[in-house]
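[1] Predicted model follows, preceded by the sequence.
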Amino acid sequence: MKKTLLILSIGLLASCKKSFLDLAPISNANVQAFYKTPNDIMVAVNACYASLQLDGQYRYAYWQFGEVRSDNTYNWDGAGNFPDAEIDQFKETSANAIITAAWEDTYHGIQLCNVVLNRINGVTMSDALKNQYIGEAEFLRALMYFNLVRIYGEVPLVTKETSSVSEGYSETRMPVEDVYAQIVADLTDAAQKLPVSYSGADIGRATKGAATGLLGKVYLTQGMYDKASSTLQQVISSGNYHLLANYADLWNTANANNAESLFEVQFKKGGTGTGSNYYEQFAPRNSGTAVTGLGFAQGRSLPTPDLDTSYENGDTRKDASIAESYVLNGDTVYDRYTLKFRDQPFIDGDADNHWPVLRYADVLLMYAEALNEQNHAPNQQAYDAVNQVRARAGLHPLAAGMSHDAFAQAVSHERRVELAFEGQRWFDLVRTGQALQVMNKHFAGSITVQSYQLLFPVPQTEVSVNPDGIKQNPGYN
Amino acid sequence: MQLTAFCKGRRRILMKNGLFAHKTLLVMKLTSFLLLVFVLQANAKTYSQKVTFSGKQVKLEKVFASIRRQTGYVFFYNTQLLDEAKPVSLDVKDASLLDVLQMCFKGQPLDFNIENRTIVISKKQPLQPAPPPPVVPSAPPPVEIHGKVTDVTGKALAGVSVVVKGTSHGVATDENGYFSITAMADAYLTFSYVGYSTQEVPVGNKTQVDVRLVQSLSSLNDVVVVGYGSQQRSSITSAISTVSSKSVENQQLASFDQAIAGQAAGVQVSQVTGTPGGGVSIRVRGTGSISAGNEPLYVVDGFPIEGSYARDLNPLATLNPNDIESIQILKDASSAAIYGSRGSNGVVIITTKRGKAGKPAIEFDTYYGLQQVAHKVDMLDAHDYAVYNTEARNNAWVDHGGNASDPNSARPTIYQIPPMFQNPDTIGKGTDWQDAIFQTAPMQSYQLKFSGGNDNSQYLVSGNYFNQEGIVIHSGFERYSFRLNLDSKISNRFRIGANIAPSYSKSDILPVADQVFTGGIIGSALAMPPTIPVYNPDGTFTTQLGGSPYNTGVIDNPVAIASKIKSSLSTFRTLGMFFADYDILDNLKFKTSFGIDYQEGRSSYFSPSDLGRNGVLPPVIPIGNAASSRGYNLLNENTLTYNNSFKGGHSLTVLAGFTSQKSRSDNMTLSAINFPNNLVTTLNAGQISTGGTTASEWALLSYIGRVNYSYRSKYLVTASVRRDGSSRFGLNNRWGVFPSASAGWYISKEKFMANVKAVSDLKLRGSYGIAGNNTIGDYSSIGLLAANRYVLGTGTGTVVNGLQPVTLSNTDLGWEKMRQLDIGLDLGLINNRVYLVVDYYNKITSNLLLNVPVPGSTGYTNALENIGKVGNKGWEFALSTKNITGAFTWNTDFNIAFDRNRVLALGPKGDPIISTSPSFSPQTHITQIGGELGDFYGYKVIGIYQNADDVAKSPVVAGATGSHPGDLKFQDTNGDGVITSADETVIGSNHPKYTFGMTNTFSYKSFSLSVLVDGVQGVDVLNGARRNIGLVSESYSRSDVLGRWQSPDNPGDGHTPRANTSPTGGNVSFVSSLLIEDASFVRIRNINLRYTLPAGLLKKASIQNASVYFSVQNAFTFTGYKGYNPEQSLNGVSPLTPGVDFNGYPVARVYTLGLHCTF
């Protein structure tokens, strides 16, 4: 018996090898064991796209900055107690949750792109595929940096995969020019590497046209009008894109990735966690389910009366963009909301509506703007571009012989109504230097917008975590 | 002496079977022989009751060894005791065991007691001074005396030693407590029993002597279960609190952990939710960890189970409290370090009852209770609500430029006074929504227990059914639990045993504590205007639709929510353990055990179409979900224990061991929508919308060692070490070593104390050690990838999978490290009638696992690091007194503990952690160096702005929604002249200044009464519910708004702001000291009155003894706190956001009537 027990206990001791403690995660892949095959890289690239759906990117934050901040839309909360209402009313502090999420989620996406670009060289695959993946990651990284630099100004420029926390503390805010230089480099390389188009299951990935079009917008934003016009010209002359005949068709979810679309953030309903909730975010508060059908009407980006009246008579885009009322319990309630994102949801907050990042009408209008600035007056190509957009809206061409300023105003107005609710307006106002004047006129004295508010504050958490590296934007504390 | 042929024959047969058993053992695997052994147990070898021994001047140990071999009786003693014993000379043949023992102990400074098959040796205790013997003229003949020995509750005590005083003549009570002895009329009988005070009774002319023994308060001979072994209390050198089964029995509760409340100094048990079967939060010596959990480790019959808090189902509620024999709480590092990387939050050791040899005992226990909500929130009635609401609308209208006297026609809709509010006198009291959701709920328990066995094998089988309906309608908990504990002796040297305890429990879970607008039952009941009835005239449920006249938003009818949501949670859990121990040498024992803790849980939820959801009116699309989980935890432990004493008074116990434990859990969740109707609520009826499975594992390998050394029982030293390897730790930090040492000086055993008669016991002890906390998550050290999804492809696209890194690897990640110093004093006075235990401790927990914010540019917002340090130091006092002894007894146990919590280091830069409690949007707590963990953080209210002048001259909240007269006036902390978020400061603390408990036990004849009072003082709670009731917009209100500011002439109570439907000045939007309420309380937690039925009455019904009891749980709570329960806390007591009450499930007051019978 003694022997048995002794053998038993020794056996037990011996049986417990070191591997007993080496337990790898079961329900998560882990970093060490991944990024080995072309498929791993594809999955990693998909993850970069998926980050666009994050709250701090296109699901929530982007349109707060691009649209709610502007004179186009407003938040239901007039008291301005909620983070999104703060952005609407220029009351935000550096603790604003949306501003914080935008920084965090955009850098998360950038890290995912950096991971792809870092790891792809260790994986054997065809050059075509490798180029495509690199191009996609570069395009997405550029898009995210472009958003960051327009929201915050100077930002840390991270282009390598972060593998330890300590690396973060050495990152400081870099000059805007450096950030733009990286964006241009990424997009230029991406435009060379990406295919012109995809088929089947790959539709929706970044294309050469998307990279080129975005590069045009980056140049335009930087005031490099000749580069902007020549770059946008490449998109136009490629013949790969054209306007849809009917503006309203743009908002039919069946027409995703249509001929007018250069790039969109894609969503899909069905309980898979990839649905969009724009329809309920933009539905009038207190409308119950009269507008949403399903889900809480949030009222977070409602058309201003000013936008409503800025459509010219006969502009077919108005009826396709704005509803004036809804019916609740048999009563007609006059409260405007946008019709652009109106897919019937599957469950609460789960609809098919994509977010249009760049479409051909935008390219045409940017092209016109660039030419007007480049030549200090509109030329025929500029007129043609704008009039193409106006014609689709059922409007007459612009009067010939406009001055630079008048044409610039006309393009600006055209962009406002053409791209309303699509997150372009605020950045357009800032780019064209009209933001202060337009917004102060819009608020008519109730709120005074100051020049420092053209940039948003850096999240307080970032300043707190790394006070040596990250300083606050002037005007905020 | 005669051994009959029958016996001889039987023995021969048994020997055969014994051999068979041995052979089988060698052949069979350990797993399968368990059953076989118990089939065989009836045939196992028996021992003689007679002793034969011959020897001169033999050491007692040697005699004992011989007795043990012949009789199978084992001796239990502290080896130091025998140092003082004289050698004995014996020559006996086939003598009775008792006779031999009495010979051995004659003239020795020692006593013995026989308990079952164990002979417990103890130091002779000084007896209570006996009255002088009566003068008897002539010696009458000896008489035969019969009687029964019970405890104060009337429970029979078996094995009590009954001795004629001054002689060696004695007997032991049988398994039913009966004895029979002959003595002279002038003699005294002494009754002694381990754990009880010795009693002396004069014989006189009695022939029937029934004795009730009172449990001794500080029984130094009590066996204290410590990690991987047991010790006598007198030899303990660390801080260990014991909770007896008595206090568990007296309280009719779903889970035993609630019964610890108020019983152990420094152990704070908070009943943070009243959910039937719901969680309890326990803190041993304060909060030491921020993110790795603060619940102690539970060790059930040797099986370590990590404590966790779950609001809806307490994992410990699967254990039947009636099965518990004792609870020990290891508080200091010296006692807890043997549990290594899991000991830092203290260890609760639970020992269940086991069978005893003797006639089978059948016990039946049942009780029935009625529960009612202990305290309702005092709300406005309909009349006062109408007045308040009217005033609030007027004030808002005035703020917007109107006049309070304007007619409705001159006002926008939201400022109009609805006709129903215009004549408040006609409204009456309205609906009491709390009455609508609360009920008087029954609670019942039935328990049947069989125990018994012979000298070789003992069993205990118990079954219990417990059913507790909730005081919130349609909620409840029920449990079926069973237990089989077996012990068997295979040979003199080899013993085996098993415990198996399956239980099934089921809870009806409702969203009781969720918030208003998200379907919370209590939140809705407190927000629903009293002017709305529960039912429409047609019998359907009402709903507050939002809009006019209340303007509150949609509030679902709480009665409808409770009635229509179908949600349940069920758990099947089996804790099974097999163990064997073998005496390799007389003083070297090997013990091995294998155990499994298997748990299976299932939950289901269905919300029908006719119940609104999240502010959306019905009909809605029905939704449902289901989840299942399965977990197992496998344990193997092997220990060698060496125990010996040496010449010169040295004695030594050495423990060495190796253990391994592995756990895995598998979880599955499924959700479905679009159910066509509400008839079938299982998910097959709907359309599955999401689902998934996950699994997780951990493993732990440990080496343990401990040495106990003592010199003449006066100088005691213990040292222990554990080396833990955990799969959870980072690769660079896989193994941790946790050492500890303690020492004790038994001053009262020193010669110089011999003359200090008042001091019966005095011991000074000190300990220092290191323990860890490994609850850091199974894979926290490994950089994980998580799935995300995107949409690509033609048409509306196809979902494609992505994988993204979500955490950074940290190969250095390790356990949290707790170092603790403890200095204690045990002092017994007047034969230990007064017993005081004092402890001072200083506990520093470092390497705290913190999810620290990291620069966002890394792509991550937080990363786990071992950083940060928290200290707890404090004093604990436990005082036990036997105030009155004799026929009427009164004992008091009192304990009080003071703990001071300090944050010593945080994060890489030491920045404060500002946290937001769930269900809040503004931040609520701050954790900063020098402060406590989770101090309340917000604006400090210093009064009310009385008039426009006051507003003009004081710092105010600026802007359109800024301060007005009647609004809260806040402290301008930074003195910049305006009230901004920079003025937020610490406004309260959820760490009590002290906690105390007191149990008074009275007994007289057949009655016993115990009263448990406990309290927590100097503690605040953030009453989050107050924001929704009475502060937010137009919702219904708590009645303290009656003290509101109404005008400069009518300023109210000075701290309640004006009524306003568009609140200004931060009245609502700020977290302020207005929401912080003093939650100090004194609670009469339990009153238990027990009556033992007269034996004569019972005999006819062949009941050996029976008692009836009446008990009140949570009888009364003295507190200024205005919510339901001052212990209420969202998410248990989460370290960073503790003490937030947000419409939690109230605790019930329970009246119980019970019956206990032994057949």
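    Structure received.
[2] and B:Asn851, what element?
    Assigned by DSSP states H and E, B:Asn851 belongs to strand B:849-853.
[3] Please work out which residue of chain B is closest to chain A.
    Here chain B gets closest to chain A at one residue, B:Gly859, 2.4 Å apart by Cβ to the nearest Cβ. Placement of C-beta: from N, CA and C, glycine included.
[4] which residues sit in contact with that residue?
    Counting by Cβ atoms under 8 Å, 6 or more residues apart in numbering or on different chains, B:Gly859 touches A:107-108, A:110-112, A:114, A:158, A:162, B:805.
[5] before we move on, back to that, how far out from the middle of the chain is the strand holding B:Asn851?
    In terms of Cα atoms, centre = their mean, to the nearest Å, the centre of strand B:849-853 is set 29 Å apart from its chain centre.
[6] repeat for stretch B:466-479
    In this view, stretch B:466-479 has its centroid 20 Å away from the chain centroid, taken as Cα atoms, centre = their mean.
[7] Now do it, average pLDDT.
    For stretch B:466-479, mean pLDDT rounds to 95.
[8] got it, and stretch B:976-983?
    Mean pLDDT, stretch B:976-983: 90.
[9] List the buried residues of that stretch.
    For stretch B:976-983, the buried set under the neighbour-count rule, 16 or more other Cβ atoms under 10 Å in any protein chain shown, comprises B:979-980, B:983.
[10] Nearest the middle, which residue of chain B would you pick?
    Centroid-nearest residue in chain B, with Cα atoms, centre = their mean: B:Asp257, separated by 2.2 Å.
[11] was I right about that one contacting B:Ile282?
    Yes - using Cβ atoms under 8 Å, B:Asp257 makes contact with B:Ile282 at a distance of 6.1 Å.
[12] Mutual contacts of these two, please.
    By Cβ under 8 Å, 6+ apart, B:Asp257 and B:Ile282 have these common neighbours: B:269, B:348.
[13] neighbours around the residue of the stretch 51-200 of chain A found nearest chain B, how many?
    Proximity to chain B, evaluated over the stretch 51-200 of chain A using Cβ to the nearest Cβ, is greatest for A:Gln111 at 2.4 Å. Residues contacting A:Gln111 under the criterion other Cβ atoms under 10 Å in any protein chain shown number 25.
[14] what do you get for the one 4 residues further on?
    Counted with other Cβ under 10 Å, residues neighbouring A:Val115 total 27.
[15] wait, doesn't it sit right on B:Val806?
    No - between A:Val115 and B:Val806 there is no contact under Cβ under 8 Å: 11.7 Å.
[16] Assign a three-state SS to the residue lying closest to A:Phe443 once chain neighbours are set aside, would you?
    Leaving aside its sequence neighbours, A:Phe443 sits nearest to A:Val449 (Cβ to Cβ, 6 or more residues apart in numbering or on different chains; 7.1 Å). Three-state call for A:Val449 (DSSP: H, G, I helix; E, B strand; the rest coil): coil.
[17] Now do the strand or helix carrying B:Asn113, average pLDDT.
    Assigning secondary structure by DSSP H and E places B:Asn113 in strand B:110-115. For strand B:110-115, mean pLDDT is 72.
[18] how far does whatever helix or strand comes next after it sit from the chain's center?
    Per DSSP H and E, strand B:110-115 leads on to strand B:118-123 as the next helix or strand towards the C-terminus. Using Cα atoms, centre = their mean, the mean C-alpha position of strand B:118-123 is found 32 Å from that of the whole chain.
[19] now do stretch B:524-540
    Centroid separation for stretch B:524-540 versus its chain: 39 Å, with Cα atoms, centre = their mean.
[20] neighbouring contacts of that stretch?
    The contact list for stretch B:524-540 (Cβ under 8 Å, 6+ apart) reads B:377, B:379-382, B:385-386, B:420, B:427, B:429-434, B:436-437, B:516, B:541-542, B:544, B:550, B:552, B:555-559, B:561, B:1025, B:1028-1029, B:1035-1036, B:1038, B:1143.
[21] Check stretch B:1151-1159 too.
    By Cβ under 8 Å, 6+ apart, the residues outside stretch B:1151-1159 that reach it are B:153, B:155-156, B:252, B:361-371, B:443, B:1102-1113.
[22] Can you say which of those residues are buried?
    Listed as buried from these are B:153, B:155-156, B:252, B:361, B:363, B:365-369, B:371, B:443, B:1103-1107, B:1109, B:1111-1113; burial here means 16+ other Cβ under 10 Å.
[23] how about low-confidence regions in the stretch 501-650 of chain B?
    B:546-548 (pLDDT under 70).
[24] who in it is up against chain A?
    B:546-547, B:582, B:584, B:590, B:592, B:614-617, B:621, B:623, B:636, B:638 (Cβ under 8 Å from any Cβ of the partner chain).
[25] Is any residue of the top helix by length along chain A near chain B?
    Ordering each helix of chain A by length in residues (DSSP state H) puts helix A:127-152 first. No - using Cβ under 8 Å from any Cβ, helix A:127-152 never reaches chain B; the gap is at least 9.8 Å.
[26] Name the strands paired with the helix or strand following that helix and say parallel or antiparallel.
    As assigned by DSSP H and E, the chain's next helix or strand after helix A:127-152 is strand A:155-156. Within its sheet, strand A:155-156 is paired with strand A:173-174 (antiparallel), according to DSSP bridges.
[27] after the partner strand, next one along is what?
    Note on strand A:173-174: by DSSP H and E, the next helix or strand toward the C-terminus is helix A:176-193.
[28] confidence score at residue 61?
    As the question left the chain open, I've gone with chain A. Here, the pLDDT recorded for A:Ala61 equals 96.
[29] Not quite, go with chain B.
    pLDDT, read off for B:Glu61, is 77.
[30] helix, strand or coil for it?
    Here B:Glu61 is helix, with the state taken from three-state DSSP.
[31] Contact partners for the nearest residue to it once chain neighbours are set aside?
    Once flanking residues are discounted, B:Glu61 sits nearest to B:Leu82: 6.1 Å by Cβ to Cβ, 6+ apart. Counting by Cβ under 8 Å, 6+ apart, B:Leu82 touches B:59-61, B:110, B:121, B:645.
[32] List only those of those residues flagged as buried.
    Buried members of those, scored by 16+ other Cβ under 10 Å, are B:60-61, B:110, B:121, B:645.
[33] any idea whether the closest residue to A:Pro474 other than its chain neighbours is helix, strand or coil?
    Leaving aside its sequence neighbours, A:Pro474 sits nearest to A:Tyr452 (Cβ to Cβ, 6+ apart; 5.4 Å). Classification of A:Tyr452 using three-state DSSP returns helix.
[34] hang on, the earlier thing: which of the buried ones among the contacts of B:Leu82 sit farthest apart?
    Maximum pairwise distance among the buried ones among the contacts of B:Leu82 (Cβ to Cβ): 14.4 Å, between B:Leu110 and B:Ser645.
[35] Is A:Ala33 in contact with A:Asp40, as I believe?
    No - assessed by Cβ under 8 Å, A:Ala33 is found out of contact with A:Asp40, at 9.7 Å.
[36] More neighbours: these two, which one.
    It is A:Asp40, of A:Ala33 and A:Asp40, that has more neighbours when counted by other Cβ under 10 Å, with 18 against 12.
[37] can you give me phi and psi for the more buried one?
    phi -60, psi -40 (degrees, to the nearest 10).
[38] got a list of what the closest residue to it other than its chain neighbours touches?
    Spatial nearest neighbour of A:Asp40, excluding adjacent residues (Cβ to Cβ, 6+ apart): A:Phe34 at 5.6 Å. Listed by Cβ under 8 Å, 6+ apart, the contact set of A:Phe34 reads A:40, A:44, B:785, B:803.
[39] Could you rerun that using 10 Å?
    By Cβ atoms under 10 Å, 6 or more residues apart in numbering or on different chains, the contact list for A:Phe34 reads A:40-41, A:43-44, A:115, A:119, B:783, B:785, B:803, B:805.
[40] quick revisit: just checking, which of the buried ones among the contacts of stretch B:1151-1159 belong to strands?
    Per DSSP state E, strands hold the following members of these: B:361, B:363, B:365-369, B:371, B:443, B:1105-1107, B:1109, B:1111-1113.
[41] Tally up the residues packed near the closest residue to B:Phe105 other than its chain neighbours, please.
    Among residues not flanking B:Phe105 along the chain, B:Phe112 sits closest, at 5.7 Å (Cβ to Cβ, 6+ apart). Using other Cβ under 10 Å, B:Phe112 has 22 other residues around it.
[42] Done for today, thanks.
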